[in-house]
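Chemist: what would the 3D arrangement of this be:
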Amino acid sequence: MERKEFKILIDAPQQKVWDVLWGTTSYPAWTSAFMEGSRVESVNAPEGQVWRKGNKVRFLGPDDEGMVSTIAENKPNEFMSIKHLGVVKKGVEDFDSPGSREWAGSTENYTLRPLGGKTELTIDMGITKEYLDYFEKTWPKALEKVKELAEG
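Modeler: Presented below is the predicted three-dimensional model:
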C-alpha cells in the first residue's frame with residue numbers, strides 16, 4: 001500500500017467546500033468521477049447522519065460493489081477520516097478475501113485549510129498497487145468537480 005496526496009485550491013470558504021464534499025446531493029455529483037451512480041449508505045445511522053464519527057458506511061456503485069468503512073474522525077469544516085474495513089461484492093460485505101485484507105485498515109483523509117481567503121483541500125489515502133494508476137487519474141477529476149460545485 002502506498003500513500004498518495006491530492007490537492008486543490010478552491011475559491012470558496014471551508015464550510016461551502018465541506019458541504020459539497022458531504023452533502024446528500026453534491027456527494028454523488030462529485031464522486032461520479034470515480035463511477036457514475038456512486039453513492040454512500042450508512043449501515044447504522046439515521047438518514048442525514050451518515051458522516052458521524054463511528055458510523056459504518058458503504059461506498060457503492062450502481063452494481064452494489066465497493067468498500068465498507070467506518071468514519072474514523074469528523075471535525076466539521078476541517079477534517080474527515082475514513083477507515084476502510086473491507087470490500088462489498090454484489091451487496092455482500094467481505095472482510096476475509098485477499099483483496100479485502102489489502103484495503104483493511106487503510107485511511108482516506110480529507111483536510112480543509114484556509115489559504116488566502118480560499119480553501120485548500122487535501123486528500124491523502126493509502127492505495128493498493130492495483131488501483132494506483134486509477135486513483136492518480138481519477139482524483140484530479142473528482143477534485144475539479146468539487147471545485148466547480150463549491151465555486152458555482
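Chemist: buried residues of the lowest-mean-pLDDT helix or strand in the chain, list them for me.
Modeler: Here the helix or strand of the chain ranked lowest by mean pLDDT, DSSP states H and E is helix 98-103, holding a mean of 82. Across helix 98-103, burial judged by 16 or more other C-beta atoms under 10 Å covers 100, 102-103. All C-beta atoms are positioned from the backbone trio N, CA, C, and that covers glycine.
Chemist: what do you get for stretch 86-101?
Modeler: Buried-residue list, stretch 86-101, by 16+ other C-beta under 10 Å: 86-88, 93, 100.
Chemist: so which residues of this structure form strands?
Modeler: 2-10, 39-42, 56-60, 66-75, 79-89, 92-94, 107-115, 118-127 (DSSP state E).
Chemist: which strands and helices sit next to the longest one?
Modeler: In terms of contacts (3 or more C-beta pairs under 8 Å, 6 or more residues apart in numbering; DSSP states H and E), strand 79-89 is packed against strand 56-60, strand 66-75, strand 92-94, helix 98-103, strand 107-115.
Chemist: out of the ones you listed, deepest packed?
Modeler: Comparing the helices and strands packed on strand 79-89 by mean neighbour count (mean count of other C-beta atoms under 10 Å), strand 56-60 comes out on top with a mean of 20.
Chemist: can you list the strands that that one pairs with?
Modeler: strand 39-42 (antiparallel), strand 66-75 (antiparallel) (DSSP bridges).
Chemist: how about low-confidence regions in the protein?
Modeler: Along the chain, the parts satisfying pLDDT under 70 run over 46-48.
Chemist: could you say what helices and strands the longest helix along it packs with?
Modeler: Secondary structure of the chain read by DSSP state H shows that its longest helix is helix 129-151. Applying 3+ C-beta pairs under 8 Å, 6+ apart, one finds that helix 129-151 contacts strand 2-10, helix 14-22, helix 26-31, strand 118-127.
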